[in-house]
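K.L.:
Just need the structure, nothing else, for what follows:
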Amino acid sequence: MHAFYTVNGVFDRSQLITKYIDEFDGRLTRLYSYTTNANPTPSCYKADYRRLLDNDKYKRDCLLSTLVKHYINVVDNLTTKGDLSYEDLKERLIRLSSNGQLNGYDGGNNTSGFNNGNTSTA
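P.N.:
Reported below is the predicted structural model:
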């Protein structure tokens, strides 16, 4: 049961986005394994959760939900792309990070969305 509650985890801004995505994928994999032999009867919640895990948009939205507090404008922009797959999302986040567009983001406290290199979060 613990796996159901920890799929989203907690994002730490000091952590590389690639490391966080790998950890997120690991949690999904563990949960997927946990639901592998789920009996598809109406009373089996594991089978319901397995169906969710098979849904690409569910995985995409779970990952985005863990980042919205830290990257509100980035998440908002990405959620407007309805056809964005989970794999596409991961690639875009990694690309944004490698371009420096996730570094120093202040979580919406600055109207520009970026703090222009100032790493202070005060």
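K.L.:
residues contacting the residue nearest the centre of the chain?
P.N.:
The centroid of the chain falls nearest to residue 63 when counting by CA atoms, centre = their mean (1.5 Å). Going by CB atoms under 8 Å, 6 or more residues apart in numbering, residue 63 touches 21, 24, 86, 89-90. In short, each C-beta sits where N, CA and C put it, glycine included.
K.L.:
at 6 Å instead, please
P.N.:
Neighbour list for residue 63: residue 24 [criterion: CB atoms under 6 Å, 6 or more residues apart in numbering].
K.L.:
Could you tell me which ranges of this structure sit under the pLDDT cut-off?
P.N.:
Within the chain, the stretches with pLDDT under 70 are 1-9, 42, 103-122.
K.L.:
and the residue in it sticking out farthest from the centre, helix, strand or coil?
P.N.:
Distance from the C-alpha centroid of the chain, by CA atoms, centre = their mean, peaks at residue 41 (29.5 Å). With DSSP: H, G, I helix; E, B strand; the rest coil as the basis, residue 41 sits in coil.
K.L.:
just to revisit the earlier point, any idea whether the residue nearest to the centre of the chain is helix, strand or coil?
P.N.:
helix.
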